[in-house]
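>>> Quick one, what's the 3D model for this:
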Amino acid sequence: MIARTWHGVTDAAKADEYFDYLKKTGVPEYQETEGNRGVYVLLRIEGDWAHFLLLTLWESEDAIKRFAGPDMERAKYYPEDQKFLLELEPTVTHYEVLVKP
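Sure, this is the predicted structure:
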């Protein structure tokens, strides 16, 4: 199993609105992609910033590519992400899952 992490930062005042947006865009697409084994949306408020960390679990690199396209290291963004995010981080990070529940 492979874990994929993506990080994004919004203004803390927009955190709820951005979470609602994620629930309409990325989260359902992750969940509907064959080979996805889970989606976690983590939030940390730090002063005026809201840090979102999305952790997704995948059965294989092929499964990730069904979601992300051929360059699985590249972050995937949606049309209104620029409205919320302070920066569009270009890449994601992948980890091999060594211990499973």
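>>> CA only for contacts and neighbour counts going forward, please
Fine.
>>> who's in contact with Thr5?
Counting by CA atoms under 8 Å, 6 or more residues apart in numbering, Thr5 touches 53-56, 92-94.
>>> Give me the three-state assignment for it.
Recorded secondary structure, Thr5: strand (DSSP: H, G, I helix; E, B strand; the rest coil).
>>> Leaving out sequence neighbours, find the closest residue to it.
Leaving out its chain neighbours, the residue that sits closest to Thr5 by CA to CA, 6 or more residues apart in numbering is Leu55, at 4.7 Å.
>>> Show me what the strand or helix carrying the one you found is packed against.
Assigned by DSSP states H and E, Leu55 belongs to strand 49-58. Packed against strand 49-58 by the contact rule (3 or more CA pairs under 8 Å, 6 or more residues apart in numbering; DSSP states H and E) you find strand 2-11, strand 36-46.
>>> and the first one, average pLDDT?
Averaging pLDDT along strand 2-11 yields 98.
>>> between it and strand 49-58, what angle do the directions make?
160 degrees (axes from the mean of the first three to the mean of the last three CA atoms, to 10 degrees).
>>> In the next helix or strand after strand 2-11, which of the residues would be classed as buried?
For strand 2-11, the following helix or strand on the C-terminal side (DSSP H and E) is helix 15-24. Neighbour counts over helix 15-24 (16 or more other CA atoms under 10 Å) mark 15, 18-19, 21-22 as buried.
>>> Okay then, goodbye and thanks.
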